[in-house]
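Enquirer: With the input below, show me the fold.
(2 chains)
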Amino acid sequence: EDQVTQSPEALRLQEGESSSLNCSYTVSGLRGLFWYRQDPGKGPEFLFTLYSAGEEKEKERLKATLTKKESFLHITAPKPEDSATYLCAVQGDGSSNTGKLIFGQGTTLQVKP
Amino acid sequence: GAVVSQHPSWVICKSGTSVKIECRSLDFQATTMFWYRQFPKQSLMLMATSNEGSKATYEQGVEKDKFLINHASLTLSTLTVTSAHPEDSSFYICSAGRTGYEQYFGPGTRLTVT
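Expert: Purely as a prediction, here's the structure:
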């Protein structure tokens, strides 16, 4: 069964204090791993797609990396506006025809000024 | 690009009435649309997958007769909550799929049933 586990559940950082969020996954034939950001009361906002181990993508202060078992979302010198819940999701071979995503529970990040 | 809209953004209805929520992909054609439900401080729960012109595929435990999904075109899907009850109160979010496997999400609809 495809499964995604994110850690930690919650993370508090001081502005400028870099850290990483973890997403561990088990999936039958990874087709893609996705990172989203969700603000309270809003829909998830697409950040990155990673397709194969070793791949990395960056956007502003965020960098996503992928291995065969996990993905990391690195946040460099975060600002208060980076506060949000970050969701990780995978799509495997079993759901490639439907596009179904399996989501983790998310990591809620709070960055204090 | 890749903008998905939902309407309404919030709705209050009385118990026993039906509510329709629209999901539109504004700048791309979505072969597949998805409907999720999200409870406070929890992750997204997939309710159903819909493809244009065909019947929706519901996840286990989701009542097909209560949550009616219609995917009329490549840019529009609707979710109708029939005979709504207070326990149906939730945050409903749609997403639209495009090539490359990404799903783009709408802003969500907050439903409150009184």
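Enquirer: Return the residues in contact with residue 109.
Expert: All of this is about chain A. Residues near A:L109 by Cβ atoms under 8 Å, 6 or more residues apart in numbering or on different chains: A:10-11, A:13, A:21, A:75, A:78, A:82-86. For glycine as for every other residue, the C-beta is placed from the backbone atoms N, C-alpha and C.
Enquirer: Actually, chain B is the one I wanted.
Expert: B:6-11, B:21, B:91-93.
Enquirer: how near is it to B:S77?
Expert: 13 Å (Cβ to Cβ, to the nearest Å).
Enquirer: which residue ranges form the strands in chain A?
Expert: Assigned by DSSP state E, the strands in chain A fall at A:3-7, A:10-14, A:19-26, A:30-38, A:45-50, A:56-59, A:62-66, A:70-75, A:84-92, A:102-103, A:107-112.
Enquirer: and among these, the most buried is which?
Expert: Ranked by average neighbour count under the criterion mean count of other Cβ atoms under 10 Å in any protein chain shown, these are headed by strand A:84-92 at a mean of 23.
Enquirer: if we can go back for a sec, as TSV, the contacts of B:T109 with pLDDT, distance to chain A and secondary structure would be great.
Expert: Listed next are these as TSV, based on pLDDT from 0 to 100; distance: Cβ to the nearest Cβ, whole Å; DSSP: H, G, I helix; E, B strand; the rest coil:
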residue	pLDDT	distance to chain A	secondary structure
B:Q6	98	8	strand
B:H7	97	13	strand
B:P8	97	14	coil
B:S9	97	9	coil
B:W10	97	9	strand
B:V11	97	14	strand
B:I21	98	12	strand
B:F91	97	8	strand
B:Y92	98	10	strand
B:I93	98	5	strand
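Enquirer: who wins for neighbours among those residues?
Expert: Most neighbours among the contacts of B:T109, by other Cβ atoms under 10 Å in any protein chain shown: B:I93, with 26 neighbours.
Enquirer: just the contacts of A:L109 that are near chain B?
Expert: For chain B, no contacts are drawn from the contacts of A:L109 by Cβ under 8 Å from any Cβ of the partner chain.
Enquirer: Report the strands that pair with the helix or strand where B:L79 lies, each with its relative direction.
Expert: Assigned by DSSP states H and E, B:L79 belongs to strand B:76-81. Using DSSP bridges, strand B:76-81 pairs in its sheet with strand B:19-25 (antiparallel), strand B:67-73 (antiparallel).
Enquirer: With respect to A:A64, which of the ones you listed lies nearest?
Expert: strand B:19-25 (24.5 Å; Cβ to Cβ).
Enquirer: Quick one: low-confidence residue ranges for the chain.
Expert: Picking chain A for this. For chain A, the stretches with pLDDT under 70 are A:95-97.
Enquirer: switch to chain B, that's the one I care about
Expert: B:1, B:99-101.
Enquirer: Could you tell me how far the residue of it found nearest chain A is located from B:F39?
Expert: For chain B and chain A, the shortest gap (Cβ to the nearest Cβ) falls at B:F105, measuring 3.8 Å. Note on B:F105: its distance to B:F39, by Cβ to Cβ, is 16 Å.
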